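Engineer: Mind folding the following:
(chains A, B, C and D)
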Number of protein chains: 2
Amino acid sequence: MKPYVLVIEDEDAILTLLEYNFQKEGYDVGLATDGEMGLIMAAERTPDFIICDWMMPKLSGVEVCRRLRRKDETRATPIIMLTARSEETDKITGLDFGADDYMVKPFSMPELLARVRALLRRASPTLLEDVIRHGSLEIDLKSVRVKRGEKELHLGPTEFRLLEHFMRSPGRVFSREQLLDTVWGRDIYVESRTVDVHIGRLRKALKVNGEADPIRTVRSAGYAFEPPL
Amino acid sequence: MKPYVLVIEDEDAILTLLEYNFQKEGYDVGLATDGEMGLIMAAERTPDFIICDWMMPKLSGVEVCRRLRRKDETRATPIIMLTARSEETDKITGLDFGADDYMVKPFSMPELLARVRALLRRASPTLLEDVIRHGSLEIDLKSVRVKRGEKELHLGPTEFRLLEHFMRSPGRVFSREQLLDTVWGRDIYVESRTVDVHIGRLRKALKVNGEADPIRTVRSAGYAFEPPL
DNA sequence: TAAAACTGTCATACTTCTGTTATATAGCCG
DNA sequence: CGGCTATATAACAGAAGTATGACAGTTTTA
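Structural biologist: Have a look, this model is predicted:
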């Protein structure tokens, strides 16, 4: 269901960082601390995507890449290489060893996520069928469906757009006016209090067997979506 | 507070366009339809950024620029000039009248926004920051959260704005009147003693397992934020 | 075309925040 | 150490912001 990302990286800090962020984005994450382990894990469960460090003990990133490309299951799996600035060579910029893209450390998380999405979209479009996931919440823009865990929820059109908007910028607080502008539309006039009502309806709809309310009220500022675990 | 952008432009269509887009980006926007009005507005509330048309009735953009540069408050304020293609002269391309950048109409909104961000980043970096950190204290403007170490704190709206203001200028002492002006707002009248109360509330809220109080009282002068270790 | 679903608004009950004041405390100066 | 002034704090009433159920008008669906 969720895309499975395999991260092969020997620095613990980066491993943790990636794990955290990918999980937050709704991926299943596999972690390997060296190339050998990476290959084994890739064999166990074929990843939809691989992030791989360039310099690693035992097996270098290049070598991991080569071997992955030799197997049928992973021949077409997108791979992003991570390198330190100092390692930036012609070889890597040319990506002539089988990777699809590379990023220089330290990299920006949003950018990495964006590139992953881009590559995933190309490689396995069905996986990214315009679905946004945060924790147990899942919203499918194409088929207009919302699920919390296994349960499918029913939202009205306005609640759906509201949730979509929230889930596109998790954590960020939007004022009622901003929400009216983006979710309702710029030239429509509705009372800003109406937002409250729809937030209430959304909350009610999202409430499933006692899970936490993912919408945070910020007094005198607006509302925000907080990715539930 | 949000960055305040002053737009001086005589074409209504462009004015509206800019207002809409800047507001959406989270700026406070001031609109002036000619140079004179622009100067007055700039005097009333010092802008963080100015967008100014090149050709305008009464006062030309160049002249507006010159006068802005003569005042202390706006001497360093970034200015972007807007010109029509036909007006593109050596003078403007050289920016030798005090503007920081210029754009030819019709311009692309994303590009304009990018340039504004770039200039703002240079001129007043903290304005664009989503999170400001000092020592163990961290304030996130976008998601409206405050953390001290690992602990998330709860502040009332006024305390939040107060802290934000302090953290943008660490170490600097503000009088009660200054605080009332910037944090409460120019035209609101409240007792200056009220500031004491809110400072007290802020201190209380920031107090986490014995860490030092980051707010310093300056007798007979005001308060200052001292970055905690 | 009737029934069902959805919207926006309002009134009401709450909750949280604000500004003020009164009183206690602390800093400064001779 | 007074005496003076500035600041800290608690208490409180009123203000402001939010949640929620009800309702009437619309739109969509069956």
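Engineer: CA only for contacts and neighbour counts going forward, please
Structural biologist: Noted.
Engineer: Quick one: name the residues of chain A near chain B.
Structural biologist: A:171, A:172, A:173, A:178, A:218, A:219, A:220, A:224 (C-alpha under 8 Å from any C-alpha of the partner chain).
Engineer: Output whatever helix or strand the fourth one lives in as PDB, nothing but the C-alphas.
Structural biologist: Yep, that's residue A:178 we're talking about. In this assignment (DSSP states H and E), residue A:178 forms part of helix A:176-179. Output of helix A:176-179 as PDB, limited to C-alpha atoms (Å, rounded to 0.1, in the frame of the first residue of the first chain):
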ATOM      1  CA  ARG A 176     -10.000  31.700   8.700                       C
ATOM      2  CA  GLU A 177      -9.500  34.200   5.900                       C
ATOM      3  CA  GLN A 178      -6.800  32.300   4.300                       C
ATOM      4  CA  LEU A 179      -8.900  29.200   4.400                       C
END
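Engineer: is any part of it close to DNA strand C?
Structural biologist: No. Against DNA strand C, helix A:176-179 shows no contacts by C-alpha under 7 Å from any atom of the strand, the least distance being 11.4 Å.
Engineer: go on, stretch A:180-187?
Structural biologist: Yes. Stretch A:180-187 reaches DNA strand C (C-alpha under 7 Å from any atom of the strand) through residue A:184.
Engineer: in that stretch, what counts as buried?
Structural biologist: For stretch A:180-187, burial by neighbour count (16 or more other C-alpha atoms under 10 Å in any protein chain shown) applies to A:180, A:183, A:184.
Engineer: Look at the second one and report its pLDDT.
Structural biologist: Translated: residue A:183. If you check residue A:183, the pLDDT there is 92.
Engineer: Identify the residue nearest residue A:30 in space, chain neighbours excluded?
Structural biologist: Distances taken as C-alpha to C-alpha, 6 or more residues apart in numbering or on different chains place residue A:6 nearest to residue A:30, at 4.6 Å, with adjacent residues excluded.
Engineer: Against which helices or strands is the helix or strand containing that neighbour packed?
Structural biologist: Per DSSP H and E, residue A:6 falls inside strand A:4-8. Packing partners of strand A:4-8 (3 or more C-alpha pairs under 8 Å, 6 or more residues apart in numbering or on different chains; DSSP states H and E): helix A:12-24, strand A:28-32, helix A:35-44, strand A:49-53.
Engineer: For the third one, enumerate the helices and strands it packs against.
Structural biologist: The helices and strands touching helix A:35-44, judged by 3+ C-alpha pairs under 8 Å, 6+ apart, are strand A:4-8, strand A:28-32, helix A:61-70.
Engineer: For the closest residue to chain B within chain A, what are phi and psi?
Structural biologist: Closest residue of chain A to chain B, C-alpha to the nearest C-alpha: residue A:172 (4.3 Å). Reported as degrees, to the nearest 10, the phi and psi values for residue A:172 are phi -80, psi 140.
Engineer: That one touches residue B:140, doesn't it?
Structural biologist: No. In this structure, residue A:172 is not within contact of residue B:140 by C-alpha atoms under 8 Å, at 9.5 Å.
Engineer: of these two, who's got more company?
Structural biologist: Taking neighbours as other C-alpha atoms under 10 Å in any protein chain shown, residue A:172 and residue B:140 compare with residue A:172 leading, 21 against 16.
Engineer: Look up how far DNA strand C lies from the more buried one.
Structural biologist: As judged by C-alpha to the nearest atom of the strand, to the nearest Å, residue A:172 and DNA strand C stand 18 Å apart.
Engineer: need the contact list for that residue.
Structural biologist: A:166, A:224, A:225, B:142, B:143, B:144 (C-alpha atoms under 8 Å, 6 or more residues apart in numbering or on different chains).
Engineer: Over to residue A:123?
Structural biologist: Each residue near residue A:123 by C-alpha under 8 Å, 6+ apart is listed here: A:76, A:77, A:78.
Engineer: Not counting sequence-adjacent ones, nearest residue to the last one?
Structural biologist: For residue A:78, ignoring the flanking residues on the chain, the nearest one in space by C-alpha to C-alpha, 6+ apart is residue A:49 at 5.3 Å.
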